[in-house]
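# I'll drop the sequence and a predicted model, then ask my questions.
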Amino acid sequence: QVQLVESGGGLVQAGGSLRLSCAASGRTFSRNAMGWFRQAPGKEREFVAAINWSGGSTYYADSVKGRFTISRDNAKNTMYLQMNSLKPEDTAVYYCAAQSTTYYSRTYYQERFYDYWGQGTQVTVSS
């Protein structure tokens, strides 16, 4: 059974930092892209960041560029999201996701191209 499990969420003040982790089990994703999405209350889920299979290419939403850093450790089958300079508008449930097929990078921004999803972890940024 394939599982993605997020951890590291919590409550932080504006300007603070958090590091999210996404641990995969049941299969390896070392040849697949992975990504982070988030959903704020009353809003649709949106793309945050993605990383290709090797970690050599990364992609970010404009709203988090320069503040968030995505990375992965294929030996541990784990992906990370370092979030710095957090803002109240970053408050959301954060989901990790993985593709099971090798797609072009333009698909990394669209949740319909991801086949596996975690259950989400809450990030709350207070002002």
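Received the coordinates, thanks. Only a predicted model underlies this, so the values are computations on that prediction, with no experimental measurement involved. Numbers count the residues shown, from 1 in each chain.
# contacts for the helix or strand containing R72 next, please.
R72 is part of strand 68-73 when elements are defined by DSSP states H and E. Strand 68-73 is contacted from outside by 34-36, 48-51, 55, 58, 60, 78-84, using CB atoms under 8 Å, 6 or more residues apart in numbering. C-beta here means a position set from N, CA and C on the backbone, and glycine is covered the same way.
# let's go with 6 Å and repeat that
For strand 68-73, the external contacting residues (CB atoms under 6 Å, 6 or more residues apart in numbering) are 49, 51, 55, 58, 79-83.
# next one: the residue nearest the centre of the chain from L4, what distance?
Central residue of the chain (CA atoms, centre = their mean): W36, 2.1 Å from the mean position. Per CB to CB, to the nearest Å, W36 is found 11 Å from L4.
# ok, R45 next?
With CB to CB as the criterion, R45 and L4 are 15 Å apart.
# looking at these two, which one has more neighbours?
Neighbour tally, R45 and L4, criterion other CB atoms under 10 Å: the higher count belongs to L4, 23 against 16.
# nearest residue to that one in space, please, no chain neighbours.
G118 (3.8 Å; CB to CB, 6 or more residues apart in numbering).
# ok, now which ones touch the one you found?
4-6, 22, 95-96.
# re the thing from before, shared neighbours, W36 and L4?
Joint contacts of W36 and L4 (CB under 6 Å, 6+ apart) are C96.
# so E89 sits in a strand?
No - applying DSSP: H, G, I helix; E, B strand; the rest coil, one finds E89 to be helix, outside a strand.
# so what's it scoring on pLDDT?
Listed pLDDT for E89 reads 97.
# repeat for T102
For T102, the model assigns a pLDDT of 81.
# can you check the one 10 residues further on too?
Looking at R112, its pLDDT stands at 94.
# what count of nearby residues applies to it?
6.
# so where's the protein uncertain?
Along the chain, no part satisfies pLDDT under 70.
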